[in-house]
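Chemist: Have a look; sequence and predicted model below, questions after that.
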2 protein chains.
Amino acid sequence: MSSDEAGRRPPTAQQFVLAELRRAITTGRLRPGTPIRQDALAEELQVSRVPLREALKTLEGEGLVTYKAHKGYCVATLSLDDLREVYRIRELLEEEAVRHAVARLSGDDLDRLESVQEEVERAAAAGDVPAMAAANRLFHMTLFDCAGMPRLARLIRTLWDTTDAYRSMYYGDAGNRERVVKEHRATLDALRRRAADEAVTTLNVHRDHAVAELESLLARPS
Amino acid sequence: MSSDEAGRRPPTAQQFVLAELRRAITTGRLRPGTPIRQDALAEELQVSRVPLREALKTLEGEGLVTYKAHKGYCVATLSLDDLREVYRIRELLEEEAVRHAVARLSGDDLDRLESVQEEVERAAAAGDVPAMAAANRLFHMTLFDCAGMPRLARLIRTLWDTTDAYRSMYYGDAGNRERVVKEHRATLDALRRRAADEAVTTLNVHRDHAVAELESLLARPS
DNA sequence: CTCCTCTATTTTGGATCCAATATTGAAAAT
DNA sequence: ATTTTCAATATTGGATCCAAAATAGAGGAG
């Protein structure tokens, strides 16, 4: 099937560049703080600077890059304070999303979550870090989408994006991967019993552990 | 130094266009649902389509316009559900901002709020609707900025933007203007006494009244 | 030797031109 | 008359070219 392979290019160059850049930034291949040379990047991606600039404007809106007039774009860097702020906002928004989701969860939704969780467990067992990051994200987003609040889900998504570059490191550790699997299982269990408070608490613990880990990683610059 | 007439123009065309478009949309001069003809708009604003398109990309990120590949941009329309969702998210984020602000408010901050509030009252008394909308917004943003959480403030700002086009109508009514003045006074009072809960409650009432009014306005399309 | 200035180069911002896609309207077939 | 097809047109997407601003570097004054 040619659908999910690298060959499926978006209908416009800007969308292709946007996806490409997002991956490069969130996976850390484009490191925080690096200035973006439009000419070089455009050539590397085989497009002109116009679609590149439009993609950068989108990323600026999402907070993945910063922009100064006549100075250009840089990959955004998160200070410790920024990191804490992002996670605090996530806590607020995700609690809301989870509570709405619990009230609306269908059996179908639970089945989807279960299957995604199995994907998470496969990736964890295999020690496949990128797959783990992707599956973990999908698990949470699947849940948030169940809230039926598309704008809320979109906000949460962009907040995840801003920290993805840092979060990848988290899954390098086997202990962390195991922990995530267990926490997801607990969450799923709470969701099945429609225990909103418990699901929220579990996810908060989940998140807090990740942020604590990241803080210690950021404290001593690599 | 070159004389800056009416308003000093931003250093780049895109920023000029961005400000211009934002005003046009938030004041309702560009009505929700209107398709955006790039060629015509570019000519009207005396720029080429390139900076216009970059400005539109920014506005898309803020949710002020929608975009479909090869179809173009439209001024975003809010359904009733969208409106409720935006206000619910605002409630969550603004409560957080206010609580942080209360804990950090300096005498200087209070002075600034007081002076902005006097501006609100002048506009209300004069029945100047655009000035009222601007001053009201400034009052709230000044408060939110005091939270010392720049990303949170930015999110709230964009949420305000998405509903500005609708909110302007609210101030057309003299009773609403008077009510807003009183509610701001109550909020300021609570802030001075560092009564966080009370400030939050007051602002929630403030917001809820606005959303209720807007709902009735949206229910019967003009 | 240091600092400043002025020029050369790099990089971004914007305009024009061309290509690709979508929309339309009219003609033809059923 | 209705529907389908296809061509003409309008609109968006992208590439190239030029202008403006910032940056870097060489040269000169103190």
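Modeler: Structure received. Numbers count the residues shown, from 1 in each chain, chains lettered A, B, ... in the order given.
Chemist: what about residue A:80, distance to DNA strand C?
Modeler: Residue A:80 sits 28 Å away from DNA strand C, going by CB to the nearest atom of the strand, to the nearest Å. In short, each C-beta sits where N, CA and C put it, glycine included.
Chemist: OK, contacts around that residue?
Modeler: Residues in contact with residue A:80 (CB atoms under 8 Å, 6 or more residues apart in numbering or on different chains) are A:215, A:218, A:219.
Chemist: Residue nearest the middle of chain A, spatially speaking?
Modeler: Central residue of chain A (CA atoms, centre = their mean): residue A:160, 3.8 Å from the mean position.
Chemist: Go ahead and confirm it touches residue A:137.
Modeler: Yes - with contact defined as CB atoms under 8 Å, residue A:160 counts as touching residue A:137 (6.5 Å).
Chemist: And DNA strand C, is stretch A:17-32 touching that?
Modeler: No - under the criterion of CB under 7 Å from any atom of the strand, stretch A:17-32 makes no contact with DNA strand C; the nearest approach is 13.4 Å.
Chemist: Residue A:206 - nearest residue in space that isn't next to it in sequence?
Modeler: Nearest non-adjacent residue to residue A:206, counting by CB to CB, 6 or more residues apart in numbering or on different chains: residue A:183, 4.4 Å away.
Chemist: Would you confirm that that neighbour belongs to a helix?
Modeler: Yes - secondary structure of residue A:183 (DSSP: H, G, I helix; E, B strand; the rest coil): part of a helix.
Chemist: Ends of stretch A:76-84, what's the gap?
Modeler: 15 Å (CA to CA, to the nearest Å).
Chemist: what distance separates it from the centre of its chain?
Modeler: 15 Å (CA atoms, centre = their mean, to the nearest Å).
Chemist: Check which residues of that stretch are buried.
Modeler: A:76, A:78, A:82, A:83 (16 or more other CB atoms under 10 Å in any protein chain shown).
Chemist: if we can go back for a sec, list the contacts for the residue nearest to residue A:206?
Modeler: A:202, A:203, A:205, A:206, A:209 are the contacts of residue A:183 under CB under 8 Å, 6+ apart.
Chemist: can you pick the most crowded of the residues you listed?
Modeler: Neighbour counts for the contacts of residue A:183, by other CB atoms under 10 Å in any protein chain shown, peak at residue A:203, which reaches 23 neighbours.
Chemist: That one belongs to a helix, doesn't it?
Modeler: Yes - under three-state DSSP, residue A:203 falls within a helix.
Chemist: And it, how far from residue A:169?
Modeler: 21 Å (CB to CB, to the nearest Å).
Chemist: which one of the buried residues of stretch A:76-84 is nearest chain B?
Modeler: Of all the buried residues of stretch A:76-84, chain B sits closest to residue A:82, with 6.8 Å by CB to the nearest CB.
Chemist: Thought residue A:204 was touching residue A:91, still the case?
Modeler: Yes - applying CB under 8 Å as the test, residue A:91 and residue A:204 come out as touching, 6.4 Å apart.
Chemist: So between those two, which is more surrounded?
Modeler: Remark: of residue A:91 and residue A:204, residue A:91 carries more neighbours, 17 against 14, as counted by other CB under 10 Å.
Chemist: Might you report the residue contacts of the more buried one?
Modeler: A:204, A:207 are the contacts of residue A:91 under CB under 8 Å, 6+ apart.
Chemist: mind redoing it with 10 Å?
Modeler: By CB atoms under 10 Å, 6 or more residues apart in numbering or on different chains, residue A:91 lies in contact with A:200, A:203, A:204, A:207, A:208, A:211, B:96.
Chemist: Turn the contacts of residue A:183 into a markdown table, columns for distance to residue B:133 and pLDDT.
Modeler: Listed next are the contacts of residue A:183 as a markdown table, based on distance: CB to CB, whole Å; pLDDT from 0 to 100:
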| residue | distance to residue B:133 | pLDDT |
| --- | --- | --- |
| A:202 | 43 | 96 |
| A:203 | 38 | 97 |
| A:205 | 43 | 95 |
| A:206 | 42 | 92 |
| A:209 | 44 | 92 |
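Chemist: Now render those as JSON lines, adding distance to DNA strand C.
Modeler: What follows is the contacts of residue A:183, written out as JSON lines (distance: CB to the nearest atom of the strand, whole Å):
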{"residue": "A:202", "distance to DNA strand C": "44"}
{"residue": "A:203", "distance to DNA strand C": "40"}
{"residue": "A:205", "distance to DNA strand C": "42"}
{"residue": "A:206", "distance to DNA strand C": "39"}
{"residue": "A:209", "distance to DNA strand C": "38"}
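Chemist: nearest residue to residue A:62 other than its sequence neighbours?
Modeler: residue A:158 (4.6 Å).
Chemist: so where does that neighbour fall, helix or strand?
Modeler: helix A:150-170 (DSSP states H and E).
Chemist: Could you name the helices and strands sitting against that helix?
Modeler: helix A:13-26, helix A:49-62, helix A:80-104, helix A:129-145, helix A:174-192, helix A:196-219, helix B:80-104, helix B:150-170 (3 or more CB pairs under 10 Å, 6 or more residues apart in numbering or on different chains; DSSP states H and E).
Chemist: show me what contacts the residue in chain A that DNA strand C sits nearest to?
Modeler: Using CB to the nearest atom of the strand, the single residue of chain A nearest to DNA strand C is residue A:72, 3.2 Å away. When contacts are counted by CB under 10 Å, 6+ apart, residue A:72 touches A:35, A:36, A:37, A:38, A:56, A:65, A:66.
Chemist: So which of the residues you listed belong to strands?
Modeler: A:35, A:36, A:65, A:66 (DSSP state E).
Chemist: ok, the residue of chain A found nearest chain B - how many residues close by?
Modeler: Across chain A, the shortest distance to chain B (CB to the nearest CB) belongs to residue A:61, at 2.5 Å. For residue A:61, the neighbour count with other CB under 10 Å is 19.
Chemist: mind checking pLDDT for the residue nearest to it when sequence neighbours are not counted?
Modeler: Spatial nearest neighbour of residue A:61, chain neighbours left out: residue B:61 (2.5 Å); criterion: CB to CB, 6+ apart. pLDDT for residue B:61: 95.
Chemist: Let me see the contact set for residue B:61.
Modeler: Counted by CB under 10 Å, 6+ apart, residue B:61 has contacts A:57, A:58, A:59, A:60, A:61, A:62, A:63, A:158, B:67, B:158.
Chemist: just curious, which of those residues is nearest to DNA strand D?
Modeler: For those, the nearest to DNA strand D is residue B:67 (6.9 Å; CB to the nearest atom of the strand).
Chemist: still on that earlier bit, could the contacts of residue A:72 be laid out in CSV, adding pLDDT?
Modeler: Below are the contacts of residue A:72 laid out as CSV (pLDDT from 0 to 100):
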residue, pLDDT
A:35, 97
A:36, 98
A:37, 98
A:38, 98
A:56, 98
A:65, 97
A:66, 97
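Chemist: List only buried entries from these.
Modeler: A:36, A:56, A:65, A:66.
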